[in-house]
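Trainee: Starting from these lines, generate the structure:
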Amino acid sequence: MRLPSGGLFFAPNMDASIELGKLAQILRIEQREDFALHDAWLKKSSIGERKKNGITWFPLKIVETGFGLGAYPFIVVERNPGDRLDHKFQSASPISLFSAADGNDTTSVNGTIGYVDDQRMKISFFLDELPDWIDEGRLGVNLLFDSKTYDEMFKALNILINVEKGRLFQLRNILLGEKEATFISTTKTTSEKLNSSQNEAMQSILDAEDFAVVHGPPGTGKTTTLVETIRELIKRDQKILVCAPSNAATDHLARSLSLKGVNVVRIGNLAKVETDNTALTLDVLLQKEKDFKQIRELKKRAVELRKMGGKYKRNFGREEAEQRKLIFSEARNLNKEARELESYLVSKILDDAQVIACTLIGSTSDYLEGRKFGTVVIDEAGQGIEPAVWVPILRAEKVIMAGDPYQLPPTVKSQDAARQGLTVTLLEKLIHRNPGVTLLKTQYRMHHSIMEFSNRKFYDGKLEAFEGNANWHLDFSPQVVEFVDTAGCGFDEKQGEESDSKCNPEEARILRKHFDSITENHKSGFDVGVISPYRAQVELLQQEFAGIPFVTVNTVDSFQGQERDIIYISMVRSNEKSEIGFLRDYRRMNVAMTRARKKLVIIGDSATLGNDRFYSDFLDYIESIGAHRTAWEFLY
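Mentor: Numbers count the residues shown, from 1 in each chain. Coordinates of the predicted model:
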């Protein structure tokens with residue numbers, strides 16, 4: 001199966017500058033839509049809805065106040081211990097501190113996040129004094145639209161459009177198809193830990209002068225391949241920058257490298273780094289340096305001096321003003337000394353690192369200013385929009401991309417931007433434009449019957465199931481793939497109560513009955529994932545499976561990168577018009593179907609699904625392996 005080409009974005013001879021200029025125009029469309037959606041959320045949603053969406057903390061209590069650099073005020077706020085919802089706040093993000101003391105949340109003042117973790121946030125304000133209403137209680141914080149990510153992408157595109165010489169000019173033209181990539185045959189290198197196609201991918205990377213692509217379908221050991229290859233590159237005295245679109249993907253590769261003894265430094269917002277990786281972060285490594293204590297003492301003394309200077313804030317004469325000026329001057333000097341020592345220690349840590357890991361946009365960190373890397377590795381490159389993927393490439397001598405364009409695409413909020421090609425990734429362009437892409441062919445995750453439909457539709461039948469897993473199944477449920485057909489049962493889809501999402505309560509109940517029928521006498525030794533493309537259905541299913549520890553219920557997007565012994569997929573759509581909505585994003589179904597190791601159960605309405613060619617082919621596959629069942633079996 002081949003994805004849509006995206007029109008001009010696949011023109012092989014298009015001038016690179018023109019192509020990037022068009023990309024910038026499309027990105028501007030996405031930025032406007034993103035801002036409009038965020039602004040609408042703030043203006044039209046309740047505090048409870050915003051909390052659930054991760055852009056509001058409420059209620060808050062102030063646990064500390066003070067004055068920071070420039071004698072501007074700051075506060076540290078804390079949310080209720082019971083509020084454990086995920087949030088989208090990050091260091092340096094703009095926020096609005098509001099008061100709901102008068103029954104609404106229109107009284108507000110803007111500030112910037114200094115630091116944030118799960119429960120606390122430090123906010124700095126560019127004000128002479130904090131407003132009096134902060135003492136009235138019922139405070140909250142809203143996340144404002146942050147243009148920083150877009151600013152960095154536009155900055156990168158502008159550099160790429162205008163570059164006229166040098167290594168970046170060469171890489172730009174090669175990656176966009178104007179010039180051919182160069183491969184130089186080097187000494188053959190193999191690893192006993194890799195299979196033949198993985199070793200082929202490693203050799204391609206080692207031979208590449210400009211770029212190489214590792215196409216890693218589900219379960220084919222992409223991370224293992226990257227880790228072994230990066231270790232080989234390190235042996236050749238290369239400094240490596242490892243990036244991915246998300247914190248989770250970045251953490252996964254950083255942790256995998258660290259476990260193999262690689263000296264990895266993780267750069268990024270500490271609050272967004274997984275707990276297992278905090279020991280790798282620059283923040284923690286800095287605190288382990290023997291001279292860090294001196295930095296802390298300098299900063300502490302500076303704070304004490306600022307507090308002393310604050311005593312002269314009102315009703316003082318010329319002598320007091322001079323004294324205050326001297327105190328603040330000394331505080332500034334102490335802070336400067338602390339910053340210089342900190343900068344020295346940070347440079348030392350980064351110089352000693354073999355691999356630096358960060359997100360795509362995290363590669364713009366001030367800590368990396370002026371640094372270039374022999375190789376930039378971009379993992380899960382199929383999940384990042386092209387402008388974001390270009391950002392770390394600015395630091396590269398050579399680029400390695402790994403991922404799968406037939407799994408989840410990048411998140412794009414503007415339908416117009418998506419139609420014009422923003423969902424077409426640089427990885428996809430490279431796979432279509434260049435013959436030198438290595439496909440990892442042996443999958444280690446799933447039974448061959450679970451793999452085979454995706455193999456035929458997405459990978460031209462080139463995948464093979466590892467012989468150790470090809471025929472594994474659950475002893476108590478030997479039928480590996482099942483499609484439970486709800487056609488004729490009258491299980492019509494419904495609108496979600498609190499959203500535009502769809503749900504199907506009867507289908508959810510059938511799914512639970514099927515689960516009970518195969519697990520009634522088996523409650524351990526396996527794990528289960530329950531997936532639906534629709535958030536409203538996920539919420540129903542979470543109620544159905546509440547309290548069962550070995551069952552995880554979530555959306556398709558949340559399951560990417562995960563696997564379970566048993567996977568259930570609730571398709572939801574059932575209507576007389578055979579409308580299937582975004583089930584037509586077949587990449588999502590590829591992800592959902594390939595999460596299962598030993599059993600895959602899909603529940604849906606064949607009458608609704610079957611009018612679509614992709615799902616018609618799937619139903620034919622189900623018939624060919626004798627996996628069709630009817631929901632009537634579970635109604636009574």
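Trainee: Please look at residue 488 and residue 608 and confirm they touch.
Mentor: No. Counting by C-beta atoms under 8 Å, residue 488 does not reach residue 608; the two are 11.4 Å apart. All C-beta atoms are positioned from the backbone trio N, CA, C, and that covers glycine.
Trainee: These two: which has the busier surroundings?
Mentor: residue 608 (24 against 12; other C-beta atoms under 10 Å).
Trainee: in whichever strand or helix holds the more buried one, what counts as buried?
Mentor: Assigned by DSSP states H and E, residue 608 belongs to helix 606-609. Of all the residues in helix 606-609, those buried under the rule 16 or more other C-beta atoms under 10 Å are 606, 608-609.
Trainee: again, but for stretch 578-586
Mentor: Quick answer for stretch 578-586 (16+ other C-beta under 10 Å): 580, 583, 586.
Trainee: What are the boundaries of the helices in the stretch 1-150 of the chain?
Mentor: 16-44, 47-52, 148-162 (DSSP state H, counting those that start in this stretch).
Trainee: Secondary structure class of the nearest residue to residue 496 once chain neighbours are set aside, three-state.
Mentor: Distance criterion C-beta to C-beta, 6 or more residues apart in numbering; nearest residue to residue 496, sequence neighbours excluded, is residue 536 at 2.9 Å. Using DSSP: H, G, I helix; E, B strand; the rest coil, the structure places residue 536 in helix.
Trainee: List the contacts of the longest strand seen in the chain.
Mentor: Identified as the longest strand of the chain according to DSSP state E is strand 56-67. Strand 56-67 has contacts (C-beta atoms under 8 Å, 6 or more residues apart in numbering) with 47, 50-51, 73-80, 83, 87, 89, 100, 120-121, 130, 134, 137-143, 303, 306-307, 310.
Trainee: What strands flank it, and is each parallel or antiparallel?
Mentor: strand 73-79 (antiparallel), strand 139-143 (antiparallel) (DSSP bridges).
Trainee: roughly how far out does that strand sit from the chain middle?
Mentor: For strand 56-67, the separation from the chain centroid amounts to 28 Å (computed by C-alpha atoms, centre = their mean, to the nearest Å).
Trainee: Please apply the same query to stretch 244-258.
Mentor: 10 Å.
Trainee: Just the mean pLDDT for that stretch, thanks.
Mentor: The average pLDDT within stretch 244-258 is 94.
Trainee: Stretch 540-550 too?
Mentor: For stretch 540-550, the per-residue pLDDT averages 94.
Trainee: buried set for that stretch?
Mentor: Here stretch 540-550 shows 540-541, 544-545 as buried, counting by 16+ other C-beta under 10 Å.
Trainee: Where helices are concerned, which of those count?
Mentor: Residues of these located in helices (DSSP state H): 540-541, 544.
Trainee: Name the nearest of those relative to residue 184.
Mentor: residue 541 (53.1 Å; C-beta to C-beta).
Trainee: quick one: contacts for the closest one?
Mentor: Contacts of residue 541 (C-beta under 8 Å, 6+ apart): 508, 511, 530, 532, 553, 570.
Trainee: which helix of this structure spans the most residues?
Mentor: helix 318-352.
Trainee: angle of it against strand 56-67?
Mentor: Per axes from the mean of the first three to the mean of the last three C-alpha atoms, to 10 degrees, the angle that helix 318-352 makes with strand 56-67 is 120 degrees.
Trainee: next helix or strand past helix 318-352?
Mentor: strand 355-359.
Trainee: in its sheet, what does that following strand sit against?
Mentor: strand 240-244 (parallel), strand 264-266 (parallel).
Trainee: Closest one to residue 231 out of the ones in helices among the buried residues of stretch 540-550, please.
Mentor: Nearest member of these to residue 231, counting by C-beta to C-beta, is residue 541, at 41.7 Å.
Trainee: If anything else comes up later, I'll come back, but that's it for now.
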